[in-house]
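Asks: could you work out the structure for the sequence below:
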Amino acid sequence: MLNFDDARFLRIQSGAVSHAARIDTAIASAIQAGAENLFFLGTGGVAYLMLPAFQLLQRRSTFPVFLDYPAELVLTASPNLTSKSIVVMPSLSGTTKESVAMLAKLKTIGATVLTFVGHEETPLGKGGDHVFVNFAEDDTSCESFYIQSLLVALSVMKARGEISNYEGLVAQIRRLPELLLGVKRDFEPRAEAFAALIAGSDYHIFTGGGSVWPSALYYATCILEEMQWIRTRPVHASDFFHGTLELVEKGVSVMVFKGEDPYRAISERVATFAPNYTDKVTVLDTKEFELPGLDAEMRGLVSPMVLATVLERVSAHLEVMRNHPLVTRRYYKRVAY
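Replies: Residues are numbered from 1 along each chain as shown. Predicted coordinates:
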């Protein structure tokens, strides 16, 4: 595979999976101690990676769950954010400005804070009540954060008595590093052609529903806009027919992501409509990939991870094709803002 280290990928994703028992203990102890809700408080792209776990708890648990912007919440207050809150704070660098400021506020509130970072010797790496360190870089961080946030959600549901197959689900999650590596290998022959589709237009509409919407949002915003300076319009498939459909015409690129959760039909609706009006429709469907040993429920839960692992292969080819390394920035962490 182009510019890829198999052993490094396996090490990082196995590191994420290895936190399962500690995550479960931290969540269980907090709930047993009287925790009343959970907040996902990430900043930027890593906040998008929390969305599938957030939605899972919203739809399948009675435990109140919130997702907010630290940049806003640090300026105000929330009657729901109290000393009886569990707060999940992800940050690959461990130094994200808005998250560091929010952490200081959480200390005064007295919430139980779980931080998920790539580097321990950082404010978030030192500041959480429970710190989960798993070194990763941009090309491997998506799967790592998706895995860890899913483990958080499953642990909440286990502690609340809302799932009976926790151990079975975690056993399947332990297979993910090898399975995702297999997905990468299978997709590699198609990755260059997919990258060419992206390089061939200077504007793309990205859409998806359910657990794969965050994959569309993340890839459009954090990879194509930030790392490739390609203009995109990410829109949730539920909103596609409430504005964005009027932008579809011949020559407009529409990228549709399909997962395997109950919301697949929302993406399929767009995939059926768009080819009638544009000649540039691309569908990326997780059903195309073999994931031996995973049941239908788990395939739905890991759909965003599958898309992330495939899209990393696209990015590897795209940066070479466009002679634009993914690390190249004009403003991000380069100028004051």
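Asks: which residues of the stretch 151-300 of the chain fall in helices?
Replies: Under the criterion DSSP state H, counting those that start in this stretch, helices of the stretch 151-300 of the chain are mapped to 166-173, 176-199, 213-218, 226-228, 264-273, 296-321.
Asks: among those, single out whichever gets nearest to T96.
Replies: helix 226-228 (14.3 Å; CB to CB). Placement of C-beta: from N, CA and C, glycine included.
Asks: helices and strands around that closest one, which ones?
Replies: Packing partners of helix 226-228 (3 or more CB pairs under 8 Å, 6 or more residues apart in numbering; DSSP states H and E): helix 296-321.
Asks: need the contact partners of stretch 4-23.
Replies: With contact meaning CB atoms under 8 Å, 6 or more residues apart in numbering, stretch 4-23 is reached by 114, 130, 132, 134-136, 140, 143-145, 147-148, 151-152, 155, 170, 173-174, 176-178, 180-181, 184, 313, 316.
Asks: still on that earlier bit, need the helices of the stretch 151-300 of the chain in CSV with distance to P70 and mean pLDDT, can you?
Replies: Below are the helices of the stretch 151-300 of the chain laid out as CSV (distance: least, CB to CB, whole Å; pLDDT from 0 to 100):
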stretch, distance to P70, mean pLDDT
helix 166-173, 27, 98
helix 176-199, 28, 98
helix 213-218, 18, 98
helix 226-228, 19, 97
helix 264-273, 29, 98
helix 296-321, 22, 98
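Asks: right, and the ones you listed - which one's nearest L284?
Replies: Judging the helices of the stretch 151-300 of the chain by CB to CB, what sits closest to L284 is helix 296-321, at 6.4 Å.
Asks: and that closest one with helix 264-273, angle?
Replies: 50 degrees (axes from the mean of the first three to the mean of the last three CA atoms, to 10 degrees).
Asks: now helix 296-321: buried residues?
Replies: By neighbour count with 16 or more other CB atoms under 10 Å, helix 296-321 contains the buried residues 298-319.
Asks: repeat for stretch 48-66
Replies: Those would be 48-57, 61, 63, 65-66, for stretch 48-66 by 16+ other CB under 10 Å.
Asks: strands - which of those residues land there?
Replies: Among the buried residues of stretch 48-66, the ones falling in strands (DSSP state E) are V65, F66.
Asks: element containing V100?
Replies: Assignment of secondary structure by DSSP states H and E places V100 within helix 97-109.
Asks: and that helix, what does it pack onto?
Replies: helix 70-73, strand 85-91, strand 112-117, helix 123-127.
Asks: contacts for that helix?
Replies: Under the criterion CB under 8 Å, 6+ apart, residues 41-43, 69-71, 73-74, 81-83, 85, 87, 89, 91, 113, 115, 123-124, 127-128 lie in contact with helix 97-109.
Asks: what's the angle from it to strand 112-117?
Replies: Going by the same axes, to 10 degrees, helix 97-109 makes 160 degrees with strand 112-117.
Asks: got the angle between helix 97-109 and strand 85-91?
Replies: Using the same axes, to 10 degrees: helix 97-109 against strand 85-91 is 160 degrees.
Asks: any idea of the mean pLDDT for helix 97-109?
Replies: The average pLDDT for helix 97-109 rounds to 97.
Asks: ditto for stretch 242-262
Replies: 98.
Asks: got the end-to-end distance for it?
Replies: Length of stretch 242-262, first residue to last, CA to CA, to the nearest Å: 21 Å.
Asks: stretch 280-299 now?
Replies: 28 Å.
Asks: pLDDT on stretch 140-147, on average?
Replies: Mean pLDDT, computed over stretch 140-147, is 98.
Asks: and E72, how far from L49?
Replies: 19 Å (CB to CB, to the nearest Å).
Asks: actually L81, not the one I typed
Replies: Taking CB to CB, one finds L81 at 21 Å from L49.
Asks: I figured V320 hits L2, correct?
Replies: Yes. Counting by CB atoms under 8 Å, L2 is a contact partner of V320 at 7.1 Å.
Asks: from the chain's centroid, how far away is stretch 6-21?
Replies: Relative to its chain's centre, stretch 6-21 lies at 16 Å (CA atoms, centre = their mean, to the nearest Å).
Asks: next, the buried residues of that stretch.
Replies: So for stretch 6-21, counting by 16+ other CB under 10 Å, buried means F9, I12, Q13, S14, G15, A16, V17, H19, A20.
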